[in-house]
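Asks: A predicted structure for the sequence below; I have some questions about it.
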Amino acid sequence: MEKLTHVEEETMQAVWRTGEGNVKTFMEKLDEPAPYTTIASVIKNLEKKGYLSSRLLGNTYLYRPAVSEAEYKKKFMGKCSEGIF
């Protein structure tokens, strides 16, 4: 599991809050939404990195977390508090 960029982390926060949804659903949960194409690219990158899984429903992809927020925080936030970063 690799550390996420700031934009990826913000997007994952929206995914974790939502549970499962499409790109538009996640955009609605972002504090400062970026253009649709940008968020769609971030979502695809998160899927490639193993943070999201997807399924096709009709002609729309639905995404859900493949990594829990707790797992991510344990892996990366713990290191920050231990002074490794």
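Replies: Perfect, I can see it now. Residues are numbered from 1 along each chain as shown.
Asks: okay, and for this protein, where does confidence drop off?
Replies: 78-85 (pLDDT under 70).
Asks: where along it do the strands fall?
Replies: Here the chain has its strands, by DSSP state E, at 52-57, 60-65.
Asks: can you state the direction angle for the last one and strand 52-57?
Replies: Orientation of strand 60-65 against strand 52-57 (axes from the mean of the first three to the mean of the last three CA atoms, to 10 degrees) gives an angle of 150 degrees.
Asks: List the buried residues for strand 60-65?
Replies: Residues of strand 60-65 classed as buried: Y61, Y63, P65 (neighbour count, 16 or more other CB atoms under 10 Å). For every residue, glycine as well, the C-beta is placed using N, CA and C.
Asks: what's the nearest residue to T11 if we skip its chain neighbours?
Replies: Leaving out its chain neighbours, the residue that sits closest to T11 by CB to CB, 6 or more residues apart in numbering is V42, at 4.8 Å.
Asks: of all the buried residues of strand 60-65, which comes closest to K3?
Replies: Within the buried residues of strand 60-65, the smallest distance to K3 is 16.3 Å, found for P65 (CB to CB).
Asks: all helices in the chain, in order from the N-terminus.
Replies: 6-18, 23-29, 36-48, 69-81 (DSSP state H).
Asks: List the buried residues in the second one.
Replies: To tie it back to what came earlier, the one meant is helix 23-29. V23, F26, M27, K29.
Asks: Show me how far it is from its chain's centre.
Replies: 11 Å (CA atoms, centre = their mean, to the nearest Å).
Asks: can you check stretch 10-23 too?
Replies: With CA atoms, centre = their mean, you get 6 Å for stretch 10-23.
Asks: Make 5 the first number, not 1, from now on.
Replies: From this message on, residue numbering opens at 5, which makes the last subject stretch 14-27.
Asks: residues in contact with it?
Replies: Stretch 14-27 has contacts (CB atoms under 8 Å, 6 or more residues apart in numbering) with 8, 29-31, 33-35, 40, 43-44, 46-47, 50, 55-56, 64-69, 72-73, 76.
Asks: Would you mark the buried spots in that stretch?
Replies: For stretch 14-27, by 16+ other CB under 10 Å, it's E14, T15, M16, Q17, A18, V19, W20, T22, G25, N26, V27.
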